[in-house]
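Engineer: sequence first, predicted model second:
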Amino acid sequence: MDMNFDHLWSANVGKMKKSIIRELLKLTQKPDIISFAGGLPDPKLFPFKDIQECMNSVLEKDGGRALQYGTTEGDNRLRAQLVKRYNEKEGLSITENNLLITTSSQQGLDFCGRVFVNPGDVVFCELPSYLGGLNAFSASGAELCGVEMDADGMSHLKLDEAIEKTIKAGKTPKFIYVVPDFQNPAGMTMGEERRKEILQVAYKYKLPIIEDSPYRDLRFEGKSQPMFQQLDTQNMVITLGTFSKVFSPGFRLGWVIAHPYWIEKFVTIKQVADLCSSAILQMTVAEYFERGYYEKNLKIIIEKYHEKRDCMLDSLEKFMPAGVTWIKPEGGLFLMITMPKHIDSEKLFVKAIEKNVAFVIGHAFYCNDSGHNTMRLNFSFSTMEDNVEGIRRLSESIKEML
């Protein structure tokens, strides 16, 4: 039977594209390949015994509730632990009414598109920006407007110009999307003054800011900058968080922090999407927090990723030819490489795969068809030995194209 039913697709599904990162990962499954492609945590750092201990305790003490449906808003113990940590560590003043548990922060990004976007509405994002966010917003019909960054992050002046131009063109701006801490893919962190300037632009046009914050706990060095959520005085910031980078991506748990006015709509969307996130997984993470395991293991993760980042930076300095540049991230999982303009990273990828090393093509993170001479590298997943050898192979591939 000829499977040609394209006329049945909804308008939104017809516009969806597969994630280039997910597709590239399929090419990196060979056992001898060194992959800098995925944003994968180091599986050696997963707290297997602690998780097993916590889950067993949950099942023994409250197994019936753990295996039952939960509330849409999320497990009360887990929400209380997150509220406590944000108030103590980040200087927030939130309650459980400000927080919704999601099935990963990617679900939070999807909800942002579904809550705010009508087809043709404009979303303002960093240039470059996290591909998962761009795809989620595009799936809801958003037109993406990339705003250039400088050393401090998204330019507030360029943002203001872009919003003004959008309004004059008769289009509807909907929200501003930023990854302010150890940005994916660029690795930079937005300064406090720039955050305040971006907030003023948001207030001027009455636009919410989506603060995507998956890497904030992974600071290796330098001064931590206040969250948008902390600086916000008009309840215009919606913060997304996740356990994927500092605990386990397999648990697929994240959260949204916002004023209850915004949370109410996110809860409504979640009821339609999946009713609730897994009760047993939420209760296990709550137990993990209460036993002090989160802070204990976070210190270990930071130490190891710090070493791996330094290893990759040293290897870049040693092997990369002149004309190749990068920014030193103060934390997170990634750094971005910029090559001479005549080098196309898609063609480079083919050469690199032949040498059994993989990366993510930088062009995928740009919504304006630029960035063809860039690539994103992940330093958390590979061993330090593979980081060195992979950068050596990658540099050889680049030298062949100079």
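Structural biologist: In hand now; what should we look at?
Engineer: pLDDT averaged over the helix ranked longest in the chain - what is it?
Structural biologist: Secondary structure assigned by DSSP state H gives helix 293-319 as the longest helix of the chain. Averaging pLDDT along helix 293-319 gives 99.
Engineer: what's the spacing between the spatially most central residue of the chain and P249?
Structural biologist: With distances taken as CA atoms, centre = their mean, P214 lies nearest the centre of the chain, 5.3 Å away. Here P214 is placed at a distance of 10 Å from P249 (CB to CB, to the nearest Å). (C-beta placed from N, C-alpha, C; glycine too.)
Engineer: same question, T284
Structural biologist: From T284 across to P249, the span is 15 Å (CB to CB).
Engineer: which of the two has more neighbours?
Structural biologist: T284 (27 against 17; other CB atoms under 10 Å).
Engineer: and what about the more buried one, helix, strand or coil?
Structural biologist: helix (DSSP: H, G, I helix; E, B strand; the rest coil).
Engineer: ok, now which ones touch it?
Structural biologist: By CB atoms under 8 Å, 6 or more residues apart in numbering, T284 lies in contact with 51, 54-55, 58, 251.
Engineer: helices - which of these land there?
Structural biologist: 51, 54-55, 58.
Engineer: which one of the residues you listed sits closest to K245?
Structural biologist: Of all these, I51 has the smallest distance to K245: 15.8 Å, by CB to CB.
Engineer: what are the buried residues along the helix or strand where E385 lies?
Structural biologist: Here E385, judged by DSSP states H and E, is contained in helix 384-399. By neighbour count with 16 or more other CB atoms under 10 Å, helix 384-399 contains the buried residues 384, 386-395, 397-398.
Engineer: of these, which is the nearest to P180?
Structural biologist: For the buried residues of helix 384-399, the nearest to P180 is N387 (26.2 Å; CB to CB).
Engineer: what separation do you get for that closest one and L316?
Structural biologist: Taking CB to CB, one finds N387 at 10 Å from L316.
Engineer: equivalent analysis for I263, please.
Structural biologist: 42 Å.
Engineer: how long is stretch 239-248 end to end?
Structural biologist: Using CA to CA, to the nearest Å, one end of stretch 239-248 lies 20 Å from the other.
Engineer: equivalent analysis for stretch 251-259, please.
Structural biologist: 26 Å.
Engineer: now tell me what touches that stretch from outside.
Structural biologist: Here stretch 251-259 makes contact (CB under 8 Å, 6+ apart) with 74, 79, 82, 86, 92, 94, 98-108, 111, 229, 235, 237-244, 263, 266, 277-278, 281-282, 284-285.
Engineer: who's in contact with F266?
Structural biologist: Applying CB under 8 Å, 6+ apart, we find F266 in contact with 100, 108, 111, 115, 256, 258.
Engineer: I'd like these written out as TSV, with secondary structure added.
Structural biologist: Conversion of those to TSV gives the following (three-state DSSP):
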residue	secondary structure
L100	strand
G108	helix
F111	helix
V115	helix
V256	strand
A258	coil
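Engineer: using JSON lines, please lay out these together with neighbour count, pLDDT and distance to E143.
Structural biologist: Shown next, in JSON lines, are the contacts of F266 (neighbours: other CB atoms under 10 Å; pLDDT from 0 to 100; distance: CB to CB, whole Å):
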{"residue": "L100", "neighbour count": "26", "pLDDT": "99", "distance to E143": "27"}
{"residue": "G108", "neighbour count": "27", "pLDDT": "99", "distance to E143": "21"}
{"residue": "F111", "neighbour count": "24", "pLDDT": "98", "distance to E143": "19"}
{"residue": "V115", "neighbour count": "17", "pLDDT": "98", "distance to E143": "17"}
{"residue": "V256", "neighbour count": "26", "pLDDT": "99", "distance to E143": "24"}
{"residue": "A258", "neighbour count": "25", "pLDDT": "99", "distance to E143": "24"}
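Engineer: helices of the stretch 1-150 of the chain, residue ranges please.
Structural biologist: Along the stretch 1-150 of the chain, the stretches classed as helices by DSSP state H, counting those that start in this stretch are 11-15, 20-27, 48-66, 76-89, 105-116, 131-139.
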